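Here is a sequence with its predicted model. Questions after.
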Amino acid sequence: MQKHSTLGEFIIDNQKHFKYTTGELSRLINSIRLAAKVVNHEVNKAGLVDILGHAGDTNIQGEEQQKLDVYANTVFMQTLKNRQIVCGIASEEEDDFVTISGNDESNMNKYVVLIDPLDGSSNIDVNVSVGTIFSVYRRVTESGTPVQLEDFLQEGNKQVAAGYIVYGTSTMLVYTTGHGVNGFTLNPAIGTFYLSHPNMMFPENGKIYSINEGNYIHFPQGVKDYLKYCQKEEEDRPYTSRYIGSLVSDFHRNMIKGGIYLYPTSSKAPKGKLRLLYECNPMAFLAEQAGGKASDGYKRMLDIKPTELHQRVPFFCGSKKMVEVAESFMEQYPDDANY
């Protein structure tokens with residue numbers, strides 16, 4: 001094995017990149033690594049135990065919570081709480097943010113975490129890849145006081161770290177701290193993540209487009225026009241349509257092979273469906289760090305000022321040239337920018 005080939009070694013070696021090196025962010029990433037291994041264990045045995053199907057509740061989005069959703073949320077929340085390394089957590093599965101106030105030191109911590117504990121959970125019952133998405137910000141309110149909503153409602157360009165875990169044929173943790181994107185694959189035999197995909201980059205162009213075409217009739221005209229462009233017989237087209245329905249999986253494939261992911265507004269979801277804070281911002285940060293691009297079809301995703309914790313936005317993300325072409329179609333319909 002080459003030097004610094006494990007995730008733990010990589011984290012320690014890269015602490016030098018941070019202006020405020022106290023080891024706190026490194027311990028935070030390590031906590032996510034630990035929770036990911038626990039959730040991975042449950043995902044892999046989901047068909048053997050009573051953890052498939054619906055939990056009987058709905059989350060703040062009005063969506064049915066899968067049992068594994070609830071389990072993953074509990075694991076990540078408890079792991080971050082117990083280690084007293086963050087001052088607040090917001091989860092897609094929780095109505096409101098959670099203040100960590102177990103002792104005075106909790107309020108002295110610098111970071112807040114936003115998390116989608118189990119992205120693509122509708123795929124759980126049919127054994128298709130699911131994932132976890134996380135985002136880390138430095139708090140903006142005074143240290144030593146309980147966190148406030150404004151600590152979470154920050155533009156994506158303020159993120160200090162973001163990443164995802166994909167639970168698939170192999171389990172991978174992919175993350176950035178603003179110095180490129182690196183992927184680590186779990187060796188299940190010894191429970192260690194090894195650096196398997198250093199310096200991950202989106203190809204500048206690609207031939208895959210990922211969108212739920214079943215909603216075509218509900219899409220804005222700019223998206224319809226772009227899809228016709230993707231399907232047109234030309235020298236470099238038609239493109240290939242690939243849509244898993246798990247953002248983590250679709251994003252991961254497109255980053256490796258080259259492609260674009262689209263979840264636009266529609267007459268069924270006038271503001272879009274994906275959440276700005278839990279899904280779009282962390283993926284946009286990763287995309288830009290990997291040479292890709294992310295927007296709402298009109299403006300840079302990371303510059304959008306959040307107004308609410310569970311805010312939804314349209315999402316265009318992937319290989320830079322593909323996103324730019326999609327945006328050129330959207331620009332023909334400026335009124336649709338007012339979602």
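Ah, there it is. Keep in mind the model is a prediction, meaning the values are calculated, not measured.

Find the residue ranges of this structure scoring beneath the pLDDT cut-off.
1-4, 16-22, 46-66, 102-108 (pLDDT under 70).

Identify, by residue count, the longest helix of it.
Counting residues, the longest helix found in the chain (DSSP state H) is helix 24-44.

Now it: buried residues?
Buried residues in helix 24-44, counted by 16 or more other CB atoms under 10 Å: 24-26, 28-37, 39-40, 42-43. (Glycine included, C-beta is placed from N, CA and C.)

Report the contact partners of Val130.
When contacts are counted by CB atoms under 8 Å, 6 or more residues apart in numbering, Val130 touches 43, 68, 118-121, 123-124, 166-167, 246, 248-249.

Please name the nearest non-neighbouring residue to it.
Among residues not flanking Val130 along the chain, Gly120 sits closest, at 4.5 Å (CB to CB, 6 or more residues apart in numbering).

That neighbour contacts Asn127, correct?
No: in this structure, Gly120 is not within contact of Asn127 by CB atoms under 8 Å, at 12.0 Å.

Among the two, which residue is more densely surrounded?
Gly120 (21 against 11; other CB atoms under 10 Å).

Please name the residues that touch the nearest residue to Lys110 once chain neighbours are set aside.
Ranked by CB to CB, 6+ apart and with sequence neighbours excluded, the top spatial neighbour of Lys110 is Arg138, at 5.4 Å. By CB under 8 Å, 6+ apart, Arg138 lies in contact with 110-111, 158, 160.

repeat for Asn215
So Asn215 contacts 266, 268 (CB under 8 Å, 6+ apart).

one more time with 6 Å
Neighbouring residues of Asn215 by CB atoms under 6 Å, 6 or more residues apart in numbering: Ser266.

any idea how far Ser249 is from it?
Between Asn215 and Ser249 the distance is 19 Å, computed by CB to CB, to the nearest Å.

Bridged to Phe193, which residues?
Beta-bridge partners of Phe193, counted by DSSP bridges, are Leu186.

Thought Leu186 was touching it, still the case?
Yes: using CB atoms under 6 Å, Phe193 is in contact with Leu186, at 5.3 Å.

what's the overlap in contacts for these two?
Residues touching both Phe193 and Leu186 (CB under 6 Å, 6+ apart): none.

Spatially, which residue comes closest to Gly292, not counting chain neighbours?
Per CB to CB, 6+ apart, closest to Gly292 is Phe202, 3.7 Å.

so that neighbour, which of the three states?
coil (DSSP: H, G, I helix; E, B strand; the rest coil).

before we move on, what about Leu114?
Assignment for Leu114 (three-state DSSP): strand.

For it, grab the count of nearby residues.
As a measure of burial, Leu114 has 27 neighbours, counting by other CB under 10 Å.

Identify the residues contacting it.
By CB under 6 Å, 6+ apart, Leu114 lies in contact with 90, 135, 277-278.

can you tell me how far it sits from Gly214?
29 Å.

contacting residues around the spatially most central residue of the chain?
Nearest to the geometric centre of the chain sits Ile133, at 3.7 Å (CA atoms, centre = their mean). By CB under 6 Å, 6+ apart, Ile133 lies in contact with 116, 119, 164, 279, 282.

Quick check: it is in a helix.
No: under three-state DSSP, Ile133 falls outside any helix and is assigned strand.

Show me what it bridges to in the sheet.
Ile133 has the following beta-bridge partners by DSSP bridges: Asp116, Tyr164.

domains of this protein?
The chain breaks down into these domains under automatic domain parsing: 7-197, 208-337.

Pick out whichever of the contacts of Val130 sits closest to Gln231.
Comparing those against Gln231 with CB to CB places Ser249 closest, at 22.5 Å.

any idea how far the residue nearest to Gly292 is from Val128?
23 Å.

which of the two has more neighbours?
A direct count of neighbours by other CB under 10 Å for Phe202 and Val128 places Phe202 higher, at 30 against 14.

quick revisit: give the bridge partners for the residue nearest to Lys110, please.
Beta-bridge partners of Arg138, counted by DSSP bridges, are Tyr111.

What segments of the stretch 201-339 of the chain are helices?
Using DSSP state H, counting those that start in this stretch, the helices of the stretch 201-339 of the chain run over residues 221-231, 247-257, 281-289, 320-330.

The second one: which residues count as buried?
So the one you mean is helix 247-257. 247-256.

neighbouring contacts of stretch 236-250?
119-120, 123, 129-131, 164, 166, 207-210, 212, 230-231, 261, 279.

Whichever of those end up buried, select them in ChimeraX.
Buried residues within these, by 16+ other CB under 10 Å, are selected in ChimeraX with:
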select :119,120,123,129,130,131,164,166,207,208,209,210,230,261,279
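
Restricted to strands, list the contacts of stretch 236-250.
Counting by DSSP state E, those place 119, 130-131, 164, 166, 208-210, 261 in strands.

Is it possible to get CSV of the contacts of Val130 that adds distance to Ala269?
Output for the contacts of Val130, formatted as CSV (distance: CB to CB, whole Å):
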residue, distance to Ala269
Val43, 27
Leu68, 24
Leu118, 20
Asp119, 17
Gly120, 17
Ser121, 18
Asn123, 19
Ile124, 22
Val166, 24
Tyr167, 26
Ser246, 17
Val248, 20
Ser249, 20
